[in-house]
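Peer 1: quick check, what structure comes out for this input:
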Amino acid sequence: MDQTQNSALIAPPGLKGVVVADTTTGDVRGREGFYHFREYSAVDLARTRTFEDVCHLMLEGFLPSPQQSADLQDRLAEAAVLPKSLLDVLPQIARSGPDRAALARLRTAVSHLGAVEGFGPTYGAGADQVRSDVVRLVGAVPVIQAALHRLRQGEQPLPARAELGAAGSWLWMLTGSEPTPEQTRAITAYLTSTIDHGFSASTFAARVVTSSGADVASAVCAAIGTFAGPLHGGAPDRALDSLDEIGSADRARDWVREKVAGGERIMGFGHAVYTVMDPRAAMLREIAQEMGGELVDLAVTVEQEVIAALAELKPGRELHTNVEYYAGVVMELCGIPREMFTPTFATARVVGWGAHILEQAQDTKIFRPAARYVGPEAPAPLPA
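Peer 2: Below you'll find the model as predicted:
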């Protein structure tokens, strides 16, 4: 291939705007501030449907009847029971790494589960088998994460409680206390709204692994590893840390100026796709304001100050509030420890990864992009 042909294939940094696959799972329309799961508004679903209903929509392709929703809840409850071999090694995994390495510990546990239960290749497997493996991880991941957290705190893991719903059970397994209806509604909306979000880096990673025909656990491990990056899933706690650092609204603009002058990112603002306010952030801001309190008042005022400062310092850039900013506020109000903010995000996103794995498994074409070589001219003579 000559240089002219080669240059025509060069993609923009980060593959921005490059279409690499077809999907029926949903889409993000950044200029409109809108995204959807299948054919439905994701925000409308988050406001009105249960997490389990939307899980069914993503994995089965349609919203369930009450009986179908109950059947899925039964399957998830069964999938939430961990094997003894995994329970035996969780204490050792829980003791490893720093507090904010929760996703690394999750990745290790998921890899162990996939190995001991013999997850087979997606290549050649029927859709029902792939879906069964996905449901296993959707049910197991919250239990694994909560167990690792409690073990690290010197407490015993708690079993899932299906009667509390996905959000209520998650809060119960983390804290050991039954959540209030207000907390359950808030976390249900958060989890449901973050199930999927287009072709994010972690979703793409899961699909790349699946395109090789590898097993579901391997694909989810790749997605978890990608999601752990601070530029992807790892921002909700950092956004709330920023609020702590700012302290009061009158310090916000000076704080932003210092950060921008130092070349630092302002966590909780700006998005790779949205050029308007992230619709998830708008919904979570409303939920936070309904819950009320000093933290919420501070967050709303600081948000306005930060946006104004960014508009002044970065004219022409569309830097608006993203989901991480108010996600951190809502999770703090619901008693979720900060080191578990991103794991909470992952608890929901495993459903989206699973939906994309199911879709990708139907395509036998492996991802095999090219790279542009920019090193020394070859071939060079070998040194003596």
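Peer 1: only C-alpha atoms for contact and neighbour calcs from this point on.
Peer 2: Noted.
Peer 1: any idea how far Ile307 is from Ile93?
Peer 2: 41 Å (C-alpha to C-alpha, to the nearest Å).
Peer 1: ok, Ser69 next?
Peer 2: Per C-alpha to C-alpha, Ser69 is found 41 Å from Ile307.
Peer 1: same check on Val28?
Peer 2: Val28 is 22 Å from Ile307, by C-alpha to C-alpha.
Peer 1: after the helix or strand harbouring Leu174, which helix or strand is next?
Peer 2: In this structure, Leu174 sits in helix 165-175 according to DSSP states H and E. Note on helix 165-175: by DSSP H and E, the next helix or strand toward the C-terminus is helix 181-193.
Peer 1: just how off-centre is that following helix within its chain?
Peer 2: Between the centre of helix 181-193 and the centre of its chain there are 15 Å (C-alpha atoms, centre = their mean, to the nearest Å).
Peer 1: which residues touch stretch 270-290?
Peer 2: Here stretch 270-290 makes contact (C-alpha atoms under 8 Å, 6 or more residues apart in numbering) with 28-35, 43, 186, 190, 193-194, 296-297, 300, 318-327, 329-330.
Peer 1: mind running it again at 7 Å?
Peer 2: Here stretch 270-290 makes contact (C-alpha atoms under 7 Å, 6 or more residues apart in numbering) with 30-31, 33-34, 43, 186, 193, 296, 318-323, 326-327, 330.
Peer 1: repeat that for stretch 361-371.
Peer 2: Applying C-alpha under 7 Å, 6+ apart, the contact partners of stretch 361-371 are Thr122, Tyr123, Val208, Thr210, Ser211, Ser212.
Peer 1: at 10 Å what do you get?
Peer 2: For stretch 361-371, the external contacting residues (C-alpha atoms under 10 Å, 6 or more residues apart in numbering) are 6, 9-11, 20-21, 121-127, 130, 207-216, 360.
Peer 1: gap between Val216 and Glu264?
Peer 2: Here Val216 is placed at a distance of 36 Å from Glu264 (C-alpha to C-alpha).
Peer 1: the longest helix in this structure is where?
Peer 2: Selection of the longest helix in the chain by residue count, based on DSSP state H, yields helix 127-152.
Peer 1: run the angle between that helix and helix 165-175 for me.
Peer 2: Angle of helix 127-152 versus helix 165-175, following axes from the mean of the first three to the mean of the last three C-alpha atoms, to 10 degrees, is 30 degrees.
Peer 1: following the helix or strand of the chain with the lowest mean pLDDT, which helix or strand comes up?
Peer 2: When the helices and strands of the chain are scored by mean pLDDT, DSSP states H and E, helix 3-8 comes last with a mean of 48. Downstream of helix 3-8, the next assigned helix or strand under DSSP H and E is strand 26-29.
Peer 1: how about that next one: buried residues?
Peer 2: Residues of strand 26-29 classed as buried by neighbour count (16 or more other C-alpha atoms under 10 Å): Gly26, Asp27, Val28.
Peer 1: stretch 33-41 now?
Peer 2: Judged by neighbour count (16+ other C-alpha under 10 Å), stretch 33-41 contains these buried residues: Gly33, Phe34, Tyr35, His36, Phe37, Arg38.
Peer 1: contacts for that stretch?
Peer 2: 23-29, 42-45, 54, 57-58, 61-63, 193, 195-198, 273-280, 282, 352.
Peer 1: just the residues you listed: which are in strands?
Peer 2: Gly26, Asp27, Val28, Arg29 (DSSP state E).
Peer 1: list the contacts of the second one.
Peer 2: By C-alpha under 10 Å, 6+ apart, the residues touching Asp27 are Phe34, Tyr35, His36, Phe37, Arg38, Glu39, Ser41, Ala42, Asp196, His197, Gly198, Phe199.
Peer 1: quick one: which of these sit in helices?
Peer 2: Reading helices off the contacts of Asp27 with DSSP H, I get Ala42.
Peer 1: might one say that Leu9 is in contact with Leu15?
Peer 2: No. Leu9 lies out of contact with Leu15 (C-alpha atoms under 10 Å); the separation is 11.5 Å.
Peer 1: on that earlier part again, quick one: buried ones out of the contacts of stretch 270-290?
Peer 2: Among the contacts of stretch 270-290, those classed as buried by 16+ other C-alpha under 10 Å are 30, 33-34, 43, 186, 193, 296, 318-323, 326-327, 330.
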